[in-house]
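K.L.:
Predicted coordinates and the sequence they were generated for:
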Amino acid sequence: MKAVSKNKYWRQRGKAVLLVALALSSVVAGCGSHGRKGQGMSSGQSESNSPSGGTITPEERKEARQIFSSQCATCHGPQGRGDGPGAARLNPKPTNFTDPNWQKSVTDDQIEKVIVYGGAAVGKSPIMPANTDLQADPAVVAALRQMIRGLGGQPPAK
Ligand code: HEC
């Protein structure tokens, strides 16, 4: 007899846990895509819920390339040499990602932090803007970081 009621208890409990999980996941999904400047259109639903450095899908790589050419190249230049059209009047200059000394001076974590939270978050120039909308897309941030590392002549991580 006892065993039966215990069983029932766990079934009930299981249901409650499931409900909580469902409620949570819909909250997360609900606030995932506040695109800035109306660019939420193209962001498909990301499958990846892994922390940055996890699997990056081809779609996320593509999104990273698009973000780079539409948002980063203005300052950092299309090839990441720090010579975009917006760079001339900036001081300090946007980082030249092809500079091996700069590449050596930063960790992967720092690169990702700068991209999401801006230069000021790591003690660099606040001219380097934050992209807090990317917080919801760690795999895209990781893909951007890999692109930037690739510009330094390092083979992209597998
Ligand atoms: C308004 C111009 C501007 C835009 C747009 C911009 N950056 Fe920057 N970025 C800068 C400047 C200026 C620095 C140099 C900061 C410093 O050295 O103090 C910088 C530095 C960096 C650094 C190096 C930080 C470090 O710790 O050395 C990375 C990485 C970076 N930017 C990535 C990006 C990416 C990725 C984008 C696009 C999502 C982007 N930036 C868009 C101006 C810009």
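P.N.:
Thanks, I have the structure now. Residues are numbered from 1 along each chain as shown.
K.L.:
Domain map for this protein?
P.N.:
Taking automatic domain parsing as the reference, the chain has its domains at 1-29, 56-158.
K.L.:
May I see the ones you listed organised as CSV, with distance to the ligand and mean neighbour count added?
P.N.:
In short, each C-beta sits where N, CA and C put it, glycine included. Putting the domains of the chain into CSV (distance: least, Cβ to the nearest ligand atom, whole Å; neighbours: other Cβ atoms under 10 Å) gives the following:
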stretch, distance to the ligand, mean neighbour count
domain 1-29, 23, 9
domain 56-158, 3, 16
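K.L.:
I'd like the ones you listed laid out as CSV, including mean pLDDT.
P.N.:
Shown next, in CSV, are the domains of the chain (pLDDT from 0 to 100):
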stretch, mean pLDDT
domain 1-29, 50
domain 56-158, 95
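K.L.:
ranges for the helices of this protein?
P.N.:
2-30, 58-67, 73-76, 100-105, 108-117, 138-151 (DSSP state H).
K.L.:
Need phi/psi at the closest residue in space to Lys93 that isn't next to it in sequence.
P.N.:
Distances taken as Cβ to Cβ, 6 or more residues apart in numbering place Gly82 nearest to Lys93, at 5.4 Å, with adjacent residues excluded. Dihedral pair for Gly82: phi 80, psi 20, per degrees, to the nearest 10.
K.L.:
pretty sure Gly82 is touching Pro92, no?
P.N.:
No. In this structure, Gly82 is not within contact of Pro92 by Cβ atoms under 8 Å, at 9.7 Å.
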